[in-house]
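>>> predicted model and sequence below, questions to follow.
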Protein chains: 2
Amino acid sequence: MDTSNSPTEPLEVVIVGGGIIGLVLTVGLLRVGVKVKVYEQAQGFREIGAGIAFTANAIRCMSLIDPAIPTALRSSGSVATSNGGEEDPNDYLRWIDGYDRQREDEPYQQRLLYKLDAGYKGFEGCRRDQFLEALVKIVPPGVIELRKRLETIEDRGKDKKLLLKFRDGTTTEADAGELMWEEVIGCDGVKSRVRQVLLGEDHAASHPRYTHCVAYRTLIPMAKAIEALGPYKAMNQHNHVGPNANLLHYPVANNTMINAVAFVRDPNEWPDDKQTVAQGTRDDVKAAFPGWCPAVQDLIDRFPDTLSKWAIFDLWDYPVPRYNGGRLCLAGDAAHATSPHHGAGACVGVEDALCLSTLMQEVVTETRGNPEVKEQALRAAFTTYDAIRRTRSQWVVNSSRRVCNLHQQREWADSSKLVRAETCFEEIKDRSLKIWHFNYDAMLNETRQGYKQKRAPSNGFVKNMTVY
Amino acid sequence: MDTSNSPTEPLEVVIVGGGIIGLVLTVGLLRVGVKVKVYEQAQGFREIGAGIAFTANAIRCMSLIDPAIPTALRSSGSVATSNGGEEDPNDYLRWIDGYDRQREDEPYQQRLLYKLDAGYKGFEGCRRDQFLEALVKIVPPGVIELRKRLETIEDRGKDKKLLLKFRDGTTTEADAGELMWEEVIGCDGVKSRVRQVLLGEDHAASHPRYTHCVAYRTLIPMAKAIEALGPYKAMNQHNHVGPNANLLHYPVANNTMINAVAFVRDPNEWPDDKQTVAQGTRDDVKAAFPGWCPAVQDLIDRFPDTLSKWAIFDLWDYPVPRYNGGRLCLAGDAAHATSPHHGAGACVGVEDALCLSTLMQEVVTETRGNPEVKEQALRAAFTTYDAIRRTRSQWVVNSSRRVCNLHQQREWADSSKLVRAETCFEEIKDRSLKIWHFNYDAMLNETRQGYKQKRAPSNGFVKNMTVY
């Protein structure tokens, strides 16, 4: 029966979505003694997009969640994105003038606008699918269930479990035990169904919006890339900036290829938010870089005839007002889907997972022997999570849009405005360092303090608000 | 004769402009042993604008320039802008919803959107004219010459002094000694003549541009302010934000009045960049705050019938490409005139003065007994100054524009966008802290190192640039 309650049973949480954040969180919750079930809609673990890079900071967060996670990352073949060699082993981000012809006599010359030191192994990149496979290996058998596309979550009342319904007609209770508290954490990405259930389908934040930027992605053999860019640029990350577009590339696959991404501003609406990937052509890309410098044109000439065109959607227009509600909670892109211009979306999701794992450890500790406070403890945990995480993660969404605007400012094509255009890099630096130098120790202290204050409000927690 | 040179004569510098930055720099240069002459166009020391506030950080920079400067500031009647009292003595910036009616039943209720702790005595405010008078008192007699409006600066060749020509027809040599090196530092404000001489009158940065924002300023007796705002808001700084405008106020004159500034977006061009102050009316202000909450409307009702309307000009559109050139150099608004939305324009100028004083101390030390290196030493000093100061000070110009846009975003009037609008405060916080927590020790280390590297390029200074 539903209403019994055993003090010896563990906390149970359902995670909807078996992507990177879902699985990192799964590992974290299992480690602190929470029973976890993961429901993933796909038939297997196929992440979209060839590669993903994590900052050194995010990898340290992974270590705090469980040292097995960075081990999995490295076993999946992650490598530092730097090619600096022994003399300068640090990773750098480089912004280079993609538009302006600096010298008539040397049309291939491009000016390095800014170089930002990301530190030793500042980024480590891997193939998404390989990292996911490595993560699956550190999750015990039976935790992950595939082909489960969530339809609804039914709240049947205070002392009853949540009922999850899936599109294939099956239903499941969130845990097998009886009268245990159940939670659902949505890690189901930009088009999160859990978010829709939490906010209602009519809520503006239930539907991500078009950023009016598309990304054309392709891989180019290194020899061809060197023909266009020369060896130094081809072997190192560069972001070519210019009016209404930017072209980012970096070496992958042990320097045998470069990954090239052309981000292009699009004034039009995207026709179908269900279908956000279309086929593009090299001619489309060429048309988006009119008058750019010869190196950029030559590189685009080496793009394949057809390639994927990704419409970038995010939650900038309508941010999620709260990351928790009832027994539901959101993490990763489900909470704060961002455009990719900081390369930080997954990193911020890892921070979420660290915060949630820490909170659930507090709940496990407090409710051990005191199962009657489980509900209040869980509510305190998720309210604290929302308070700790929402501001920073929504800042990243805003900031990613902002740096895209700076990368693609029209001033790059106006020689009278170049001095101003270049002043943008102080801001880009600050924004990047805020992501890279995240003080996760401070976050964890605030997390534990916030939880304890909510659990013992009479013990020293005074809400010092001015009444207006 | 012009070409003699005595090793015992001090360095000599002309400062054009006897405003706050010009006089702070004067005190700093005198302290390190430079002979200074100040030419000010006005008949006396009348700074525009009633009040000015300095951050605690800027006051610490003043102390490093000369402890007599903060003493002068405090002797001029500066007070902390906080009214927190003993329980909470820190200064805060407060952003409050000026537009949205939160509750129909309590139309005067306004939501506090964000509160930012500026620390103990985070700001100290004073009357500009009184601070200037106090600064004049610590400058020796004969240094400052009034009624000298600069017309041109004539460079008569390498071994000759600069010739300054003034509008009244008089000319002067930059120093009275012969064959001394002469420098001119322009501290002559947003409409700097030295900047025009340095860049040429046709240069875009020679002419500040309209920010499309006007400021209406007035003082209101405290009793009237309390009628509109209630005692708490009236007695503490508040920034009421809303669509296309914001209304800032804080107590002055020992809490007997509030200083109220209405910033209003203006889509039109400003007719005359020579005449940037006009007369406005209360009705103009009222028209700029349509539909705002009753407290704001009531406060504007207490504005005088007519009041000053300031067109805000800055150097955002066309930043100065270099702060030095030949024997000329720019500091303060002359280098980086900013809009006032961070309240940081003068603070950044104080940082300039600290950097320049430090560099001139290096030059004085190096050239003592080695007068033959004076020219190279001065060139190294001003090139270092440009490298150290330009990025940060131009960032402030950009950032001030940016926070104005955030204060005045139209989303404040769109209830469906309020969640997003409020995400702006994380960015406003970061920008404010970057100003308030400036690491002047690091700046001074970089300043001294930069100078030494330029003076001894073979001793360890390798320019590590990638060739493209």
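That came through, no problem. Numbers count the residues shown, from 1 in each chain, chains lettered A, B, ... in the order given.
>>> mind checking the SS state of A:F303?
Following DSSP: H, G, I helix; E, B strand; the rest coil, we place A:F303 in the coil state.
>>> looking at it, it is touching A:P221, isn't it?
No - with contacts defined as CB atoms under 8 Å, A:F303 does not count as touching A:P221, sitting 11.9 Å away. (C-beta placed from N, C-alpha, C; glycine too.)
>>> okay, those two: which has more neighbours?
A:F303 (23 against 13; other CB atoms under 10 Å in any protein chain shown).
>>> contacting residues around A:R74?
Taking CB atoms under 8 Å, 6 or more residues apart in numbering or on different chains as the criterion, A:R74 is in contact with A:E124.
>>> make that A:L11, sorry
A:G33, A:V34, A:K35, A:M180, A:W181, A:E183, A:M360, A:V363, A:V364, A:T367, A:K374, A:L378.
>>> average model confidence for the helix or strand hosting A:T384?
Taking DSSP states H and E as the criterion, A:T384 maps to helix A:374-407. Helix A:374-407 shows a mean pLDDT of 97 in the predicted model.
>>> from the contacts of A:L11, which land in strands?
A:K35, A:E183 (DSSP state E).
>>> can you select the buried ones from the contacts of A:L11 in PyMOL?
Buried members of the contacts of A:L11, defined by 16 or more other CB atoms under 10 Å in any protein chain shown, are picked up in PyMOL with:
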select buried, chain A and resi 34+35+180+181+183+360+363+364+367+374+378
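>>> can I get the contacts of A:L11 in a markdown table with distance to chain B?
A markdown table is the format used below for the contacts of A:L11 (distance: CB to the nearest CB, whole Å):
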| residue | distance to chain B |
| --- | --- |
| A:G33 | 34 |
| A:V34 | 30 |
| A:K35 | 34 |
| A:M180 | 34 |
| A:W181 | 29 |
| A:E183 | 24 |
| A:M360 | 26 |
| A:V363 | 28 |
| A:V364 | 31 |
| A:T367 | 33 |
| A:K374 | 31 |
| A:L378 | 25 |
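>>> flag whichever of the contacts of A:L11 scores worst on pLDDT.
Pick the lowest pLDDT in the contacts of A:L11 and you get A:M180, at 37.
>>> ok, back up a step: using PDB, write out every CA atom in the very next helix or strand once past the helix holding A:T384.
Where DSSP H and E defines the elements, the next helix or strand beyond helix A:374-407 is helix A:418-422. This file holds the C-alpha atoms of helix A:418-422, laid out as PDB (Å, rounded to 0.1, in the frame of the first residue of the first chain):
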ATOM      1  CA  LEU A 418      37.100  49.200 -35.200                       C
ATOM      2  CA  VAL A 419      38.600  51.000 -32.200                       C
ATOM      3  CA  ARG A 420      35.300  50.600 -30.300                       C
ATOM      4  CA  ALA A 421      34.700  47.100 -31.600                       C
ATOM      5  CA  GLU A 422      38.000  46.000 -30.000                       C
END
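>>> buried residues, the helix holding A:T384. List them.
A:374, A:377-390, A:392-404, A:406-407.
>>> and the angle from that helix to helix B:374-407?
130 degrees (axes from the mean of the first three to the mean of the last three CA atoms, to 10 degrees).
>>> elements contacting helix A:374-407?
Counting by 3 or more CB pairs under 8 Å, 6 or more residues apart in numbering or on different chains; DSSP states H and E, the packing neighbours recorded for helix A:374-407 are strand A:209-221, strand A:306-314, strand A:324-325, helix A:333-336, helix A:345-367, helix A:424-436, helix A:440-455, helix B:424-436.
>>> how far off centre is the longest one?
Centroid displacement of helix A:345-367 relative to its chain, using CA atoms, centre = their mean, to the nearest Å, is 16 Å.
>>> what about the helix holding A:T384, distance to the chain center?
Counting by CA atoms, centre = their mean, helix A:374-407 comes out at 12 Å from the chain centroid.
>>> I figured A:D284 hits A:Y216, correct?
Yes - contact status for A:D284 versus A:Y216: in contact at 7.2 Å, counting by CB under 8 Å.
>>> more crowded one of those two?
Each of A:D284 and A:Y216 has its neighbours counted (other CB under 10 Å); A:Y216 has more, 23 against 18.
>>> quick one: contacts for the closest residue to that one other than its chain neighbours?
Among residues not flanking A:Y216 along the chain, A:A262 sits closest, at 4.4 Å (CB to CB, 6 or more residues apart in numbering or on different chains). Listed by CB under 8 Å, 6+ apart, the contact set of A:A262 reads A:A215, A:Y216, A:R217, A:A245, A:N246, A:L247, A:V285, A:A288, A:F289, A:I300.
>>> okay, and A:A262 sits in which element?
Counting by DSSP H and E, A:A262 is found in strand A:257-265.
>>> partners of that strand, with directions?
strand A:209-221 (antiparallel), strand A:245-252 (antiparallel) (DSSP bridges).
>>> tell me what the residue nearest to A:Y216 is bridged to.
According to DSSP bridges, beta-bridge pairing links A:A262 with A:Y216, A:L247.
>>> shared neighbours, A:D284 and A:Y216?
By CB under 8 Å, 6+ apart, the residues touching both A:D284 and A:Y216 are A:K309.
>>> hey, which of the strands paired with strand A:257-265 is tucked in deepest?
strand A:245-252 (a mean of 24; mean count of other CB atoms under 10 Å in any protein chain shown).
>>> let me see the mean pLDDT of that strand.
Strand A:245-252 comes out at a mean pLDDT of 92.
>>> and stretch A:142-161, by the same measure?
88.
>>> run the chain-centre distance for that stretch.
Per CA atoms, centre = their mean, the centroid offset for stretch A:142-161 relative to its chain is 24 Å.
>>> can you point out the buried residues in that stretch?
A:V143, A:I144, A:K148, A:L150, A:E151, A:I153, A:K161.
>>> export the residues you listed to TSV and append columns for secondary structure and distance to B:Y120.
Formatted as TSV, the buried residues of stretch A:142-161 follow (DSSP: H, G, I helix; E, B strand; the rest coil; distance: CB to CB, whole Å):
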residue	secondary structure	distance to B:Y120
A:V143	coil	52
A:I144	strand	54
A:K148	coil	56
A:L150	strand	52
A:E151	strand	56
A:I153	strand	50
A:K161	coil	52
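>>> sweet, I'm off.
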